[in-house]
Each structure stands twice: as structure tokens, then as C-alpha cells.
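K.L.:
Turn this into a model:
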Amino acid sequence: MISLFNINHYTIDTTQFSNLLHDKLVDDFVEEFCTYVGAKYGCAINSATNAIFLATEGKNLDVVIPTMIPPVVGNALKLGGNEVRFSDNTNWVGHSYTLHDFGDYKIIDSAQRVDRNQFSEEANDEDLMIFSFYPTKPVGGLDGGIIVSNDKEKINYFKHKSFNGMSFAENNWDREQVSLGWKMYLNSAQAYVALNNLRKLDSKKERLSQIRDKYNSEFGLVNTSDHLYRISVLNRDETRSKLQDEKITTGIHYKCLHQHPLFESKDDEFTNSEIEEMRTLSIPFHEKLSDIDIEEIICKVKDSAKF
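P.N.:
Modelled structure (predicted):
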């Protein structure tokens, strides 16, 4: 079976951690990741979903997000007490987008993209940029996420809130409960896997670029994502079924959120998104694909799909 994503597997010796919940390795990972994206500070979280929650919780925002988006984004925003509305933007998939603009700073959702110097080149000092370490993302891990910024005060607030509202201390036993918070910090095992995959990211991106160029040439597309390779086909479900029979795994990214019961919206039109949802198909796209795999995928897609 040719898989849609590659997930690296690790055997972790937990005796190497002085503290399984928050070893120094977590801080080392945060420092190395921030250096990679060009940010000064970071707060590692146990999921990017919770990072979105922390960044927006209690702010009573009116947030407009693409309707073609993972449901967890809308869920995190609603749990944080915010109003969620939708746009007909389908171009963000596999890239990053502005989740909310406060005027003096922005929250940028980059859960599907990680590039060198991304923060330093595309964000302002006060901005917040959120990344994901979900197993299928560019820096895959045992799930996890991070909020980065050059605003130390904001990052310290997230560190405090994500560590049960406890005070900072060199020794965990010296921490004191000073406010309400959540247990949302990245643990040592998550940091170990994410750090290993971060160190492989440049070589992974190089291989993905080769595969993407081949796909673009064969399918006549200009896809630039390092996370997904999506094609638009008129007979999507039929194509997906035929590829499954050929042992080629595919995916759908994403179903329109405005059609989900929690978010159902009948007052607005999302024509582009609804058409895209019916036609979009993600095909295998990861660094472990062999040249033979790629040729087989291209051949089988062309045999099955009506573009």
C-alpha cells in the first residue's frame, strides 16, 4: 500500500530524560525551532489546537476563517469564547494564513508550513505564529505545537497558562499556583521526536521539492505546499475508489466547516469551497516515496481521473 503520508517511528528510551514531563530537552527543542524560523521566543504546547485556544481564549473575538479547514480550528476558537464565521478562501490549504488581525499584532496559523526564517521574514515582532507537530505535518512528532514571537511578555503568559497556571522556577517542585491554567505543555517524549524530525526537515523538503516538481509537470499544476499535494478532479469519489483498489491511499482536505452541525450557516454562499470540496483529492506526497512509487501514482491517477 502506498501511504498518503510518512510517519517516522521511534523507540524512545525514557530513562534518558531527567524529567519525563518537562526535561531540558523541551527547552533545547524550543530554542532550535525558534532559530530555524527566525523568532526569539517560543512556548511549546501539546497540540497546535491548544495553541490556538491559548492565543484566543477569553478575547471574545469575531474570527473569520476559511470554511475548508480542519474542524479542530473552529472548535478551539469556539471553546475560547469566540464567534466563528467563514470565508470562501480555498487557497490557504497547505500553507499559512492570518487567523486574526488585532491591528497591533496578528495571529498566524502556520500549522501546515515550516520554512527557514519564516517568522523573521513574514511577521512583525509582536505577532504570534503557530506551528503544528502533528505526525503528518512538516515537522511531525507525537502531536504538539508551538507559539513563537519576538514579544517575550506574550510568550511568558502562554508558558504560565499552559503549565497549569503555575509560577516559573528552576525546580518544578518550587512552582506555586498563582492563577488558573491548563495542562497543555509539550512533554519530553514529544520534544524528542519533534527535534529529531526538525533536524531532518531540510533534506525532507529537498526530496518533496523533487516530487512536487514531477507532479506539477505531469498534472499541469503549480502546487507549492510541503504538506499536501491536492488535485481537482470531476469524478473525485470514483477516482478515490479506483486508487484504493490499486493500493494507493488518498485523502480529502477538507470538508466545508459551515456544513457541520455545530457551525451550520445557511445565510452565506461558499460556492468556491463547496465545488472544491466535491473535487479535491490529496494524493501520496512524502519523502519516502520511491521514483517507482511516483511513476505508479501518476499513471494510476491519469488512468482514473477526469480533470
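K.L.:
tally of neighbours for residue 47?
P.N.:
Using other Cβ atoms under 10 Å, residue 47 is surrounded by 20 other residues. For the C-beta atoms, the positions are set from N, CA and C on the backbone; glycine is no exception.
K.L.:
Contacts only, for it.
P.N.:
Contacts were defined as Cβ atoms under 8 Å, 6 or more residues apart in numbering; by that measure residue 47 touches 132, 134, 143, 144, 145, 184.
K.L.:
As a markdown table, these with secondary structure and neighbour count would be great.
P.N.:
As requested, those are exported to a markdown table (DSSP: H, G, I helix; E, B strand; the rest coil; neighbours: other Cβ atoms under 10 Å):
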| residue | secondary structure | neighbour count |
| --- | --- | --- |
| 132 | strand | 30 |
| 134 | coil | 22 |
| 143 | coil | 20 |
| 144 | coil | 30 |
| 145 | strand | 27 |
| 184 | coil | 21 |
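K.L.:
which two in these are spaced the farthest apart?
P.N.:
Checking those against each other with Cβ to Cβ, the farthest-apart pair comes out as 134 and 184, at 15.0 Å.
K.L.:
what residue ranges in the stretch 101-250 of the chain are flagged as low confidence?
P.N.:
Counting by pLDDT under 70, not a single residue of the stretch 101-250 of the chain qualifies.
K.L.:
Strands of that one, start to end?
P.N.:
Assigned strands in the stretch 101-250 of the chain, in chain order: 106-109, 128-132, 145-149, 230-232 (criterion: DSSP state E, counting those that start in this stretch).
K.L.:
Throw those into CSV and include distance to residue 305, thanks.
P.N.:
Compiled in CSV, those are given as follows (distance: least, Cβ to Cβ, whole Å):
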stretch, distance to residue 305
strand 106-109, 30
strand 128-132, 29
strand 145-149, 34
strand 230-232, 7
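K.L.:
Looking at those, spot the one closest to residue 93.
P.N.:
Each of the strands of the stretch 101-250 of the chain has some distance to residue 93 by Cβ to Cβ; the shortest is strand 230-232, at 6.6 Å.
K.L.:
Partner strands of that closest one, with direction?
P.N.:
strand 280-282 (antiparallel) (DSSP bridges).
K.L.:
C-terminal to the strand it pairs with, what's the next element?
P.N.:
Sequence order places helix 291-304 as the next helix or strand after strand 280-282, per DSSP states H and E.
K.L.:
Figure out how far that following helix is from the centre of its chain.
P.N.:
Using Cα atoms, centre = their mean, to the nearest Å, the mean C-alpha position of helix 291-304 is found 27 Å from that of the whole chain.
K.L.:
what's near enough to touch the residue positioned nearest the centre of the chain?
P.N.:
For the chain, the residue nearest the mean C-alpha position is residue 111 (2.3 Å; Cα atoms, centre = their mean). For residue 111, the residues meeting the contact criterion (Cβ under 8 Å, 6+ apart) are 48, 96, 130, 131, 132, 134, 137, 145.
K.L.:
Could you do residue 127 as well?
P.N.:
Contacts here follow Cβ under 8 Å, 6+ apart; on that basis residue 127 touches 105, 106, 107, 108, 119, 149, 151.
K.L.:
For it, give me phi and psi.
P.N.:
When quoted as degrees, to the nearest 10, the phi and psi of residue 127 stand at phi -70, psi 160.
K.L.:
So it versus residue 150, what's the distance?
P.N.:
In this structure, residue 127 lies at 8 Å from residue 150, with Cβ to Cβ, to the nearest Å as the measure.
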